[in-house]
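> pasting a predicted model and its sequence here:
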Amino acid sequence: MPCPASSKSKIAKTFQKVIHLKSAKKNLSNPGFCLFIPQEKLKCCESQQFEKENLEEEAKESKNRATVEAFVAKLFATVSAVKAAYAELQMAQFPYNNEAVQSADQAVVDELKALSELKHRFLKKQIDSSPPHVTLMLAEIQEQQSLMKTYEITMKKMQGEIERKDSQISLLQDQLQGIVQNNKSLEIKLNASGSFSILDHIKFSDSNPIVFIMVFHYALRSIRNFVKLLIRNMVSANWDIDAAANAIQSEITFSKRDHKGFAFESFVCREIFSGFNEPFFSIQNDRQSLPNDADQRQIFFFEQFKKVRSVSVIQFLEQNPNSLFGKFLKAKYLHLLHPKMEFSFAGNLNQRKMVNSGEFPETEFFKAFAEMGRRVWLLHCLAFSLDQEVSIFQVKRSSRFSEVYMESITDDIFVAAERDFWVAFTVVPGFKVGQTVVQSQVYLSPNKTPPRS
């Protein structure tokens with residue numbers, strides 16, 4: 001019997017509800033359910049995850065950097081070890097030491113092997129060292145030890161070089177001492193004899209500018225010998241050489257330190273040649289003994305030349321204390337040597353007192369001065385025995401250099417040939433013998449503007 005329509009509809013609705021209920025139960029039993037998460041909380045979680053990944057990446061990079069730094073440090077330490085071993089090998093070869101050479105050679109080989117091993121590790125990308133900071137510290141220690149070893153080897157080498165130089169210096173000093181003693185011996189013999197073979201053969205008829213120039217250079221050698229002795233005495237007496245040179249030639253810039261000696265040479269030349277143009281250097285009172293006739297006057301001075309040209313100075317002075325030469329030498333000594341200078345050399349003025357009283361001491365210093373005076377006196381007598389007028393001249397400071405009247409006392413001044421040079425001071429005076437010029441010797445200044453006169 002068929003069910004009514006309304007009844008069927010109710011059954012369908014009930015069946016549908018049962019189906020939905022079962023479906024709901026089935027869904028509720030499923031563990032994968034969704035919960036609502038706020039957006040802010042979701043972003044926070046993502047940020048924390050990102051920071052964690054960054055920290056891990058930075059830690060990894062830091063570890064890699066530390067590994068590379070440790071490897072590089074080890075590489076440099078090995079290179080330093082190779083250098084130290086090679087330095088030790090060189091040291092062992094000079095002087096040659098067989099055992100030391102073999103030991104150093106093996107050390108070089110070992111360090112090169114270690115360097116080769118590092119190369120292979122780098123090529124195979126096996127540079128990991130655990131832990132890196134320990135490897136780095138050990139590498140730094142190894143490098144410092146290698147550097148210390150290299151420094152020690154260098155110091156030993158330098159010490160050996162110093163000892164070798166000291167030995168050479170000692171040998172050269174002994175040779176110098178021998179040469180000085182030999183020179184002193186020769187000088188004493190020369191001064192004792194007073195002879196100069198060329199002068200002995202000069203005749204009155206031979207007097208000419210060439211002979212004058214020859215005797216001038218003969219005198220100049222004795223002047224320079226005396227200047228060297230003077231400087232040695234000043235150094236021994238603790239003089240300030242720079243201050244003394246500046247007192248003689250002020251505001252001069254010397255290109256080399258040993259050029260200061262030219263200042264003392266200029267002083268001695270200026271004093272010893274002072275009054276050269278006068279018959280008796282303007283210091284004698286014996287004009288009545290000078291002949292009036294010009295020819296007789298020439299003969300008179302040539303006779304004076306002959307008296308002194310081949311004698312022992314001290315011996316001649318002892319025998320002829322009141323001679324023209326004796327008076328000349330006495331006046332020049334008292335004028336050139338200041339009492340303070342003489343006192344600083346000898347600690348007293350005894351030598352000065354002897355000279356002033358007409359006596360002549362036989363000290364090395366006075367003998368050198370007397371020999372210089374003798375040769376200058378010879379030049380003076382020869383000048384007045386010539387039939388040509390002889391005059392002396394000095395070049396003024398700040399004068400432009402002229403090759404006609406001057407020659408440079410130093411040779412290196414003409415390196416720059418196109419530059420103008422100015423006279424700083426005259427070292428050795430020049431002479432005019434008739435039409436012949438004997439060049440003065442000057443110290444030049446390479447400044448663009450002349451020095452202040």
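Looks like it arrived, so ask away.

> can you give me the strands for the stretch 201-350 of the chain?
In the stretch 201-350 of the chain, no segments count as strands under DSSP state E, counting those that start in this stretch.

> ok, which stretches of the protein are helices?
5-28, 39-93, 98-123, 132-193, 197-200, 209-236, 241-248, 261-272, 294-308, 313-319, 324-336, 339-346, 350-356, 364-385 (DSSP state H).

> got the angle between the last one and helix 209-236?
Taking axes from the mean of the first three to the mean of the last three Cα atoms, to 10 degrees, one finds that helix 364-385 is oriented at 160 degrees with respect to helix 209-236.

> what sits up against stretch 343-359?
233, 236-237, 239, 321-322, 326, 330, 333-334, 337, 339, 342, 360-361, 363, 365-366 (Cβ atoms under 8 Å, 6 or more residues apart in numbering). C-betas here are computed from N, CA, C, even on glycine.

> let's see it at 10 Å
Where contact means Cβ atoms under 10 Å, 6 or more residues apart in numbering, the residues beyond stretch 343-359 that reach it are 230, 233-234, 236-239, 317-318, 321-322, 326-327, 329-331, 333-334, 337-340, 342, 360-361, 363, 365-366, 369-370.

> for that stretch, which positions count as buried?
Neighbour-count burial for stretch 343-359 flags 345, 346, 351, 352, 355 (criterion: 16 or more other Cβ atoms under 10 Å).

> mind checking the end-to-end distance for that stretch?
18 Å (Cα to Cα, to the nearest Å).

> same question, stretch 343-353
For stretch 343-353, the end-to-end distance is 12 Å (Cα to Cα).

> and it, what's its mean pLDDT?
Mean pLDDT, computed over stretch 343-353, is 91.

> now do that stretch: distance to the chain's middle.
In this view, stretch 343-353 has its centroid 37 Å away from the chain centroid, taken as Cα atoms, centre = their mean, to the nearest Å.

> again, but for stretch 433-440
On the basis of Cα atoms, centre = their mean, stretch 433-440 sits 40 Å off its chain's mean C-alpha point.

> contacts for that stretch?
Applying Cβ under 10 Å, 6+ apart, the contact partners of stretch 433-440 are 208-213, 216-217, 269, 383, 386-395, 402-409, 423, 426-432.

> in PyMOL, select just the buried ones from the residues you listed.
Buried subset of those, written as a PyMOL selection, criterion 16+ other Cβ under 10 Å:
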select buried, resi 209+211+212+216+269+383+386+390+392+394+395+405+406+408+409+423+426+427+428+429+430+431+432
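
> among the contacts of stretch 433-440, which are in strands?
Under the assignment DSSP state E, the contacts of stretch 433-440 contribute 390-393, 406-408, 423, 426-428, 430-432 to strands.

> can you list those in a markdown table and add pLDDT and distance to residue 125?
Shown next, in a markdown table, are the ones in strands among the contacts of stretch 433-440 (pLDDT from 0 to 100; distance: Cβ to Cβ, whole Å):
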| residue | pLDDT | distance to residue 125 |
| --- | --- | --- |
| 390 | 92 | 97 |
| 391 | 94 | 95 |
| 392 | 95 | 92 |
| 393 | 95 | 89 |
| 406 | 92 | 80 |
| 407 | 91 | 78 |
| 408 | 91 | 73 |
| 423 | 91 | 78 |
| 426 | 95 | 82 |
| 427 | 96 | 78 |
| 428 | 96 | 82 |
| 430 | 96 | 86 |
| 431 | 96 | 90 |
| 432 | 95 | 93 |
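
> and which of those residues is nearest to residue 99?
residue 408 (60.5 Å; Cβ to Cβ).

> chain neighbours aside, what residue packs nearest to that closest one?
Residue nearest to residue 408 in three dimensions, not counting chain neighbours: residue 444, with 5.4 Å by Cβ to Cβ, 6 or more residues apart in numbering.

> show me where pLDDT drops low in the stretch 151-300 of the chain?
Applying pLDDT under 70 to the stretch 151-300 of the chain flags residues 184-198, 200-201, 205-207, 283-288.

> please redo it, this time with the cut-off set to 80
153, 156-157, 180-208, 282-290 (pLDDT under 80).

> the stretch 301-450 of the chain too?
Ranges of the stretch 301-450 of the chain meeting pLDDT under 80: 411-420, 445-450.

> 90 instead?
306-315, 318-324, 346-347, 357-363, 387-388, 398-404, 410-422, 444-450 (pLDDT under 90).

> any idea how far residue 175 is from residue 167?
Look at residue 167 and residue 175: by Cβ to Cβ, to the nearest Å, they are 13 Å apart.

> circling back to that earlier point, for the ones in strands among the contacts of stretch 433-440, which one is nearest residue 161?
Once Cβ to Cβ is applied, the member of the ones in strands among the contacts of stretch 433-440 that ends up nearest residue 161 is residue 408, at 38.4 Å.

> re earlier: now the contacts of stretch 343-359: which count as buried?
Buried by 16+ other Cβ under 10 Å: 230, 233-234, 317, 326-327, 329-331, 333, 337, 342, 360-361, 365-366, 369-370, out of these.

> residue contacts, the residue lying closest to residue 230 once chain neighbours are set aside?
Excluding the flanking residues, the one nearest residue 230 by Cβ to Cβ, 6+ apart is residue 264, at 6.3 Å. For residue 264, the contact set (Cβ under 10 Å, 6+ apart) comprises 226, 227, 228, 230, 231, 234, 241, 244, 245, 248, 249, 427.

> could you export the residues you listed as CSV, including distance to residue 289?
Below are the contacts of residue 264 laid out as CSV (distance: Cβ to Cβ, whole Å):
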residue, distance to residue 289
226, 29
227, 33
228, 36
230, 33
231, 38
234, 38
241, 43
244, 39
245, 41
248, 36
249, 38
427, 34
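
> most neighbours out of these, which is it?
residue 427 (25 neighbours; other Cβ atoms under 10 Å).

> next up, the contacts around it.
Listed by Cβ under 10 Å, 6+ apart, the contact set of residue 427 reads 249, 259, 261-270, 395, 408-410, 440-443.
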